[in-house]
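Asker: Return a 3D structure for these sequence lines:
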Amino acid sequence: MRFFYALSTLALSASLTHAATLAATKRQIVVSEHGTTVDPVSGSTITPGASFPFSYENRNFCESGYSPISVYLSTTQPTTADVTNSGELADGSFVFKFGDFLIANFGLPPMETPPPPTLTAPTLDVTDGSTLYLSVVETYRDCPGHVPLEFGLETTTVVYA
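Answerer: You can find the predicted model right below:
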């Protein structure tokens, strides 16, 4: 009888430890819903040091008042596994970060830094004519079901020349 008691106590302890570990780990969810990069269009050429048009239509998946986005340039296409728990692309998955911006929804006044209408292409150590990936990570806050944060990842190809 003591054996079964000890075994059940051990199993309960392991189960509670596992549950506590899961509870302490922040959930990171990348959903298939995401906005759309309107400019530059896929296949556009960007030139080092020159500005290019930038326009992103956010998805606002959780219908928040404001939608944070982060914009990156990568030499390989980022995947959902590259999105961290804080809604950033992981170090090594991008070569340049244009910045963090905040889109006002529902006609609310702008707060912080809204996305600019143009971005400036950085000088990179890549071959002219290389295909690069302009990626936007959109953070969805206040989602139903007490989900702390969800993220959308959208990528457009550009040619570096």
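Asker: residues in contact with the closest residue to residue 36 other than its chain neighbours?
Answerer: Nearest residue to residue 36 in three dimensions, chain neighbours excluded: residue 57, at 5.0 Å (Cβ to Cβ, 6 or more residues apart in numbering). All C-beta atoms are positioned from the backbone trio N, CA, C, and that covers glycine. With contact taken as Cβ atoms under 8 Å, 6 or more residues apart in numbering, residue 57 is in contact with 35, 36, 38.
Asker: got any ranges where this protein has weak pLDDT?
Answerer: Counting by pLDDT under 70, the ranges of the chain that qualify are 1-28.
Asker: Mind telling me which residue is nearest the centre of it?
Answerer: What sits nearest the mean C-alpha location of the chain, by Cα atoms, centre = their mean, is residue 137, with 2.7 Å.
Asker: Residue 107 versus the closest residue to residue 44 other than its chain neighbours, what's the distance?
Answerer: Spatial nearest neighbour of residue 44, excluding adjacent residues (Cβ to Cβ, 6+ apart): residue 158 at 5.4 Å. Between residue 158 and residue 107 the computed distance is 31 Å (Cβ to Cβ, to the nearest Å).
Asker: With residue 144 instead?
Answerer: Applying Cβ to Cβ to residue 144 and residue 107 gives a distance of 23 Å.
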